[in-house]
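> Quick one, what's the 3D model for this:
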Amino acid sequence: MTDRSDAVTVRLAHAGDRPFVMTAVERLSAFGVPDGRTKEEIVEGEARTLRAFFDRPDAPETLLVADTGGRSSGFVFLEEQQDYFTLETHGHIGILVVALEAEGRGVGAALMRAAEAWARARGHRTLTLNVFDGNRRARAMYEHFEFRPDTVKYMKTLNAEAGH
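Numbering: from 1, shown residues only. Presented below is the predicted three-dimensional model:
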């Protein structure tokens, strides 16, 4: 007999999910941040996006929450974007977080499947996401779901002095 206490379900977020989501977003800096960025600015940037979502009852984005054994265990923030090259609208995974205690239990995979279903239901041919180069675990999961690199973003921190 299968123990269903570890079954992962994914549902639409509601206002009561705000405390979990706003706490879980702290995990986004746990995997290291790129040169030129700080953990604080990474977390605050994502938290700002999530606060705006919860503050707008008519937000165009979608937030899905994973529950495992009756407890929130992760979330995925989904939005629509326009492709730079084709101008086609596509689905985009803006934020994906798995709670520390839920790592390795299929929560990320369940959220990925839900994100793909969300994009397909909207008629999108593609689904995109961004990931920090150094986040090897996330990159491995995305590649398992057949995501492939598209463009690579480079950044240079400019100092106040003139020069190169």
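> what about the helices in this structure?
According to DSSP state H, the chain carries its helices in the segments 18-24, 39-55, 107-121, 136-144.
> Is there a neighbour count for residue 108? I'd like the number.
Taking other C-beta atoms under 10 Å as the criterion, the count of residues near residue 108 is 25. Using the backbone N, CA and C atoms, a C-beta is placed for each residue, glycine as well.
> 5 is where my numbering starts, stick with that
Renumbered: residue one is now 5, and that last one reads residue 112.
> Could I get the contacting residues of it?
78, 100, 102, 142, 145 (C-beta atoms under 8 Å, 6 or more residues apart in numbering).
> now those in CSV, with pLDDT and neighbour count?
As requested, the contacts of residue 112 are arranged in CSV below (pLDDT from 0 to 100; neighbours: other C-beta atoms under 10 Å):
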residue, pLDDT, neighbour count
78, 98, 27
100, 97, 23
102, 96, 26
142, 87, 16
145, 90, 18
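> okay if I get those residues as CSV plus distance to residue 153?
Converted to CSV, those look like this (distance: C-beta to C-beta, whole Å):
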residue, distance to residue 153
78, 24
100, 17
102, 22
142, 13
145, 14
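> Flag the shaky bits of this structure, pLDDT-wise.
Low-confidence segments of the chain (pLDDT under 70): 5-9, 164-168.
> Pretty sure residue 17 sits against residue 68.
Yes - counting by C-beta atoms under 8 Å, residue 17 sits close enough to residue 68 to count as a contact (6.5 Å).
> and for the two, which residues touch both?
Between them, residue 17 and residue 68 share the neighbouring residues residue 79, with contact defined by C-beta under 8 Å, 6+ apart.
> Can you show me the strands along this structure?
12-16, 66-72, 75-86, 93-102, 131-133 (DSSP state E).
> Please name whichever of the ones you listed is nearest to residue 36.
In this view, those are compared for proximity to residue 36 by C-beta to C-beta, and strand 93-102 is the closest at 15.4 Å.
> Parallel or antiparallel, which strands does the closest one pair with?
Strand 93-102 pairs in its sheet with strand 75-86 (antiparallel), strand 131-133 (parallel), by DSSP bridges.
> what's the angle from it to helix 43-59?
Between the axis of strand 93-102 and that of helix 43-59 there is an angle of 120 degrees, by axes from the mean of the first three to the mean of the last three C-alpha atoms, to 10 degrees.
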